[in-house]
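Test case, fold it:
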Amino acid sequence: MSRAHGMPCWRKAADWEKRLDHLFQGVRRSRGWHRRDRVRKYLHHCRKLVKKALASQRRLGADCSDQWQHYLGCSLKLIDQVDRRLLRDEKIPHSEKIFSVHEPHTRWISKGKAGVQAELGLPVCVLEDQHQYILHYQVLYEGVDSSMIVDFLREAKTLYPSLTSCSMDTGYSSEHNRRALEQILELVIMPKRGRLSHADKARASVPDFVEGRRQHPAVESAINNLNQRGLDLVRTHGNASLQIQSHTD
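Numbering: from 1, shown residues only. Next up, the predicted model:
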């Protein structure tokens, strides 16, 4: 690329990459007072490379690809965050963090389960019927489970008018969601988190509620079955692939 556009300044790119990796490993292995010095050297080398990249960007002009500009923007942002976090002891807000340079829509998913505290990716809400057919799905680019379930089931009810009941995890639980869904469905099987009131206990002891909860673990089995068949990972890249394939996740 450097030869095609007449930019010989990148002929030592491979050596710069090795130097950058060496400095990064030095920062990663370092502890104590001398770590800041290694961080400064690492950031100094990063800024030199970014400065060269910005000069090449100006020279390329309209020929500069969107991918080049995206990576440059991420580089500047990450350099700033490393400086703030390791040299100025600032806490980086969660909303500013980058979890994937190549897939910027990637989110930090707190699982709260033993052995799996967190995952990187996107949550997917899946609606399955009693015959293990997937009826509806939604990729959560933002928000949490409890903020989307009402609109999600309204869409599902429009697609499948015969839908009369739904069982869900405690992550969807809220008083507002329960009352809203009771206007849509005949039976809402939504376990409540925390201590139960007398009304909650009475609601949870209804035979249909108990039977629905008894059948709910089959959903986890279906998810595990998809994972075992190789559908635990979307192997293509970008948002467009998620719109096509996320229903198998």
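
Does S147 belong to a helix, a strand or coil?
Secondary structure, DSSP: H, G, I helix; E, B strand; the rest coil: S147 is helix.

Quick one: list the elements packing against the strand or helix carrying N177.
Following DSSP states H and E, one finds N177 within helix 175-182. When contacts are defined as 3 or more CB pairs under 8 Å, 6 or more residues apart in numbering; DSSP states H and E, helix 175-182 packs onto helix 145-159, strand 187-189. The C-beta positions use only the backbone N, C-alpha and C, and glycine is treated the same way.

one more time with 10 Å, if that's ok
Counting contacts by 3 or more CB pairs under 10 Å, 6 or more residues apart in numbering; DSSP states H and E, helix 175-182 is packed against helix 145-159, strand 187-189, helix 198-204.

Other residues contacting the helix or strand just after the longest one?
When you say that, I think you mean helix 145-159. Moving toward the C-terminus from helix 145-159, the next helix or strand (DSSP H and E) is strand 165-167. The contact list for strand 165-167 (CB atoms under 10 Å, 6 or more residues apart in numbering) reads 127, 130, 149, 152-153, 156-157, 172, 181, 184-191, 208-209, 211-216, 218-219.

what pairs with strand 165-167, and is each one parallel or antiparallel?
In the sheet, strand 165-167 lines up against strand 187-189 (parallel) (DSSP bridges).

and the partner strand, how far out from the chain's middle?
29 Å (CA atoms, centre = their mean, to the nearest Å).

What mean pLDDT does it get?
Mean per-residue pLDDT for strand 187-189: 88.

mind giving me the domain split of this structure?
8-93, 107-248 (automatic domain parsing).

closest to F99 out of those domains?
domain 107-248 (5.4 Å; CB to CB).

that older thread, mind putting the domains of the chain into a markdown table with mean neighbour count?
Listed next are those as a markdown table, based on neighbours: other CB atoms under 10 Å:
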| stretch | mean neighbour count |
| --- | --- |
| domain 8-93 | 13 |
| domain 107-248 | 13 |
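
how about the helices in this protein?
Assigned by DSSP state H, the chain shows helices spanning 13-29, 35-60, 66-82, 145-159, 175-182, 198-204, 207-215, 217-226, 239-245.

For the fourth one, name the packing helices and strands.
Spelled out, it's helix 145-159. strand 124-128, strand 134-139, strand 165-167, helix 175-182.

I'd like these written out as JSON lines, with mean pLDDT added.
What follows is those, written out as JSON lines (pLDDT from 0 to 100):
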{"stretch": "strand 124-128", "mean pLDDT": "85"}
{"stretch": "strand 134-139", "mean pLDDT": "87"}
{"stretch": "strand 165-167", "mean pLDDT": "88"}
{"stretch": "helix 175-182", "mean pLDDT": "89"}
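
Of these, which is nearest A55?
So among the helices and strands packed on helix 145-159, strand 134-139 is nearest, using CB to CB, at 38.9 Å.

Output that closest one as PDB, nothing but the C-alphas.
The C-alpha trace of strand 134-139 is given here as PDB (Å, rounded to 0.1, in the frame of the first residue of the first chain):
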ATOM      1  CA  ILE A 134     -38.000 -20.100  17.700                       C
ATOM      2  CA  LEU A 135     -40.800 -17.700  17.100                       C
ATOM      3  CA  HIS A 136     -39.100 -14.300  17.600                       C
ATOM      4  CA  TYR A 137     -35.800 -12.800  18.600                       C
ATOM      5  CA  GLN A 138     -34.200  -9.500  19.300                       C
ATOM      6  CA  VAL A 139     -30.500  -8.400  19.500                       C
END
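
Please name the residues that touch D200.
E175, R178, P191, K192, G194.

Surely L181 and Y172 touch.
Yes: look at L181 against Y172 with CB atoms under 10 Å: they come within range, at 9.0 Å.

Find residues that contact each of those two.
I149, V150, L153, C166, V188, M190.

Need the nearest residue in space to the spatially most central residue of the chain, chain neighbours excluded.
Residue closest to the average C-alpha location in the chain (CA atoms, centre = their mean): R107, at 2.3 Å. Of all residues not flanking R107 in the chain, L122 sits nearest, at 5.8 Å (CB to CB, 6 or more residues apart in numbering).
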